[in-house]
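Visitor: structure of the sequence below:
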Amino acid sequence: MSTYYSPNLALELIGNGEQAGNWGQTTNTNLGILVEQAISGYTTQAMADADQTLAMTQGASATARNMFIELTGALTAARVLNVPNNKKLYFIYNNTSGGFAVTVKVTGQTGVSVSNGTKTILVCNGTDIVLATTTVAPAAPGVTSVGATVPTFLTVAGSPVTSTGTLAISLSGSALPIANGGTGQTSLAALGNLFYPVGSIYSNTSNGTNPGTLLGFGTWASVGMGRVLLGAGTNGPNTFTAGQTGGVFDSTLPSHSHTATSTVSDPGHFHASSGGLNVGSGANAFVTANDRNPDNTSTASTGISVATSISTEGVTPTDANLPPYIVVYMWERTA
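Guide: Numbering: from 1, shown residues only. The predicted structure follows:
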């Protein structure tokens with residue numbers, strides 16, 4: 001039998017008694033070049049902006065025998081890559097520029113269109129090129145239609161987008177519902193009315209800036225300089241009305257009395273008396289009232305002492321009669 005070639009990969013098959021002394025070269029070409037091309041060969045094919053035709057050269061290297069073929073070059077129109085009808089797999093990568101598809105087929109057949117930028121697996125069934133697997137082609141550039149539905153407190157502009165564009169979502173001016181994490185208010189002023197209605201007191205320990213500037217809403221007046229706040233209502237015999245002022249820094253001492261206690265002690269004493277009687281002599285001696293001499297009483301020290309004590313009222317003040325305090329900047333919202 002004479003030398004012949006395999007029907008699909010066109011490998012040279014040596015006939016009996018043929019190529020004496022050349023088997024090594026033929027075998028090396030088959031295994032080292034042609035079979036490698038068929039199972040792992042990667043090559044590029046320039047399309048040159050024209051249809052191209054590949055051949056399966058028998059017993060020699062051929063572009064059509066490679067497993068993976070990358071198509072290159074700039075295209076101005078869709079092109080065709082004709083391949084032989086040898087049964088084999090093709091991995092095709094349309095890496096051309098210009099955005100056009102390349103149809104891979106057997107001459108005179110339909111083949112498969114490979115879109116620009118696509119990698120696909122094809123097979124020749126002996127008649128034509130068909131898909132070896134089911135593939136999904138990438139979507140065309142752009143979008144068909146994109147819209148947005150938003151809650152009532154938002155608005156959307158530019159919806160729907162049918163090719164290219166921008167969806168702009170913004171606040172509609174409606175209040176953000178509390179259920180959606182909002183306050184139910186539509187502005188900073190309305191939010192301020194919620195937390196600081198007219199008549200509210202705002203205080204700050206370090207920043208004396210008017211809250212109208214600091215918070216951005218309302219009209220405020222500085223109040224309570226040197227005064228403490230007192231709750232409205234009745235406490236015991238005293239009734240306090242909101243907005244009422246009173247009290248003084250330096251308290252006056254009201255009219256009051258003290259109790260004085262005196263103790264008298266008499267250790268006991270006596271007086272000395274001196275005097276005499278005038279009497280006659282003999283048997284007719286007698287005493288009459290007129291005969292008595294006047295008594296003289298001497299002065300004596302009595303030793304009596306009087307101790308008096310007055311009770312103490314009140315306490316000695318340590319300050320201007322003020323409660324413990326902390327000083328803050330204080331403002332009242334008036335509008």
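
Visitor: residue 122 belongs to a helix?
Guide: No - looking at residue 122 with DSSP: H, G, I helix; E, B strand; the rest coil, it is strand, so not inside a helix.

Visitor: ok, the residue nearest to it when sequence neighbours are not counted - contacts?
Guide: If the residues on either side of it in the chain are set aside, residue 122 comes closest to residue 90, at 4.4 Å by C-beta to C-beta, 6 or more residues apart in numbering. For every residue, glycine as well, the C-beta is placed using N, CA and C. Neighbouring residues of residue 90 by C-beta atoms under 8 Å, 6 or more residues apart in numbering: 67, 68, 69, 83, 104, 121, 122, 123, 124, 129.

Visitor: next one: residue 247
Guide: Residue 247 sits in contact with residue 227, where contact means C-beta under 8 Å, 6+ apart.

Visitor: helix or strand: which one has it?
Guide: Using DSSP states H and E, residue 247 sits within no helix or strand.

Visitor: thinking again about what came up before, quick check: the residue nearest to residue 122 is in a strand.
Guide: Yes - secondary structure of residue 90 (three-state DSSP): part of a strand.

Visitor: all helices for the chain, in order.
Guide: Remark: helices assigned in the chain by DSSP state H are 23-28, 36-40, 188-195, 211-214.

Visitor: quick one: contacts of the second one?
Guide: For helix 36-40, the external contacting residues (C-beta under 8 Å, 6+ apart) are 9, 61, 62, 65, 66, 67, 88.

Visitor: mind running it again at 10 Å?
Guide: 8-11, 30, 43, 61-68, 86, 88-89 (C-beta atoms under 10 Å, 6 or more residues apart in numbering).

Visitor: swap in the shortest one?
Guide: When contacts are defined by C-beta under 10 Å, 6+ apart, helix 211-214 is touched by residues 192, 196, 200, 202-204, 207-208, 217-221, 329, 331-335.

Visitor: what do you get if the cut-off is 8 Å, keeping everything else the same?
Guide: For helix 211-214, using C-beta under 8 Å, 6+ apart, the contacting residues are 196, 202, 204, 207, 218, 219, 220, 331, 333.

Visitor: now stretch 61-73
Guide: Taking C-beta under 8 Å, 6+ apart as the rule, stretch 61-73 contacts 9-10, 33-34, 37-49, 54-57, 81, 83-84, 86, 88-97, 102, 114.

Visitor: from these, keep the buried residues only.
Guide: 9-10, 33-34, 37-38, 41, 43, 45, 47, 54, 56, 81, 83-84, 86, 88, 90, 92-96, 102, 114 (16 or more other C-beta atoms under 10 Å).

Visitor: tell me the domain boundaries of the protein?
Guide: 4-131, 172-227+322-335 (automatic domain parsing).

Visitor: show me which positions of stretch 62-73 end up buried.
Guide: Neighbour-count burial for stretch 62-73 [16+ other C-beta under 10 Å]: 62, 63, 64, 65, 66, 67, 68, 69, 70, 71, 73.

Visitor: show me the shaky parts of the stretch 51-200 of the chain.
Guide: Within the stretch 51-200 of the chain, the ranges that satisfy pLDDT under 70 run 135-145, 147, 150-154, 158-159, 161-165, 167, 170-188.

Visitor: hmm, 90 instead?
Guide: 57-61, 133-196 (pLDDT under 90).

Visitor: how about the strands of it, start to end?
Guide: 52-53, 68-72, 79-83, 88-94, 102-106, 112-114, 119-124, 129-131, 154-157, 168-171 (DSSP state E, counting those that start in this stretch).

Visitor: pipe the ones you listed into TSV and attach distance to residue 247 per row.
Guide: What follows is these, written out as TSV (distance: least, C-beta to C-beta, whole Å):
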stretch	distance to residue 247
strand 52-53	105
strand 68-72	95
strand 79-83	100
strand 88-94	93
strand 102-106	97
strand 112-114	95
strand 119-124	90
strand 129-131	97
strand 154-157	54
strand 168-171	49
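
Visitor: identify whichever of these lies nearest to residue 230.
Guide: Residue 230 lies closest to strand 168-171 among the strands of the stretch 51-200 of the chain, at 42.7 Å (C-beta to C-beta).

Visitor: from the contacts of residue 90, pick the one nearest residue 235.
Guide: For these, the nearest to residue 235 is residue 121 (92.8 Å; C-beta to C-beta).

Visitor: show me what contacts that closest one?
Guide: 89, 90, 91, 92, 131, 132, 133, 135.

Visitor: the third one - nearest residue in space that isn't next to it in sequence?
Guide: In this structure, residue 91 finds its nearest non-sequential neighbour in residue 68, 4.2 Å apart by C-beta to C-beta, 6+ apart.

Visitor: skipping its backbone neighbours, what lies nearest residue 100 in space?
Guide: residue 75 (4.3 Å).

Visitor: so what's the residue count around the one you found?
Guide: Look at residue 75: counted by other C-beta atoms under 10 Å, it has 20 neighbours.

Visitor: nothing else from me, thank you.
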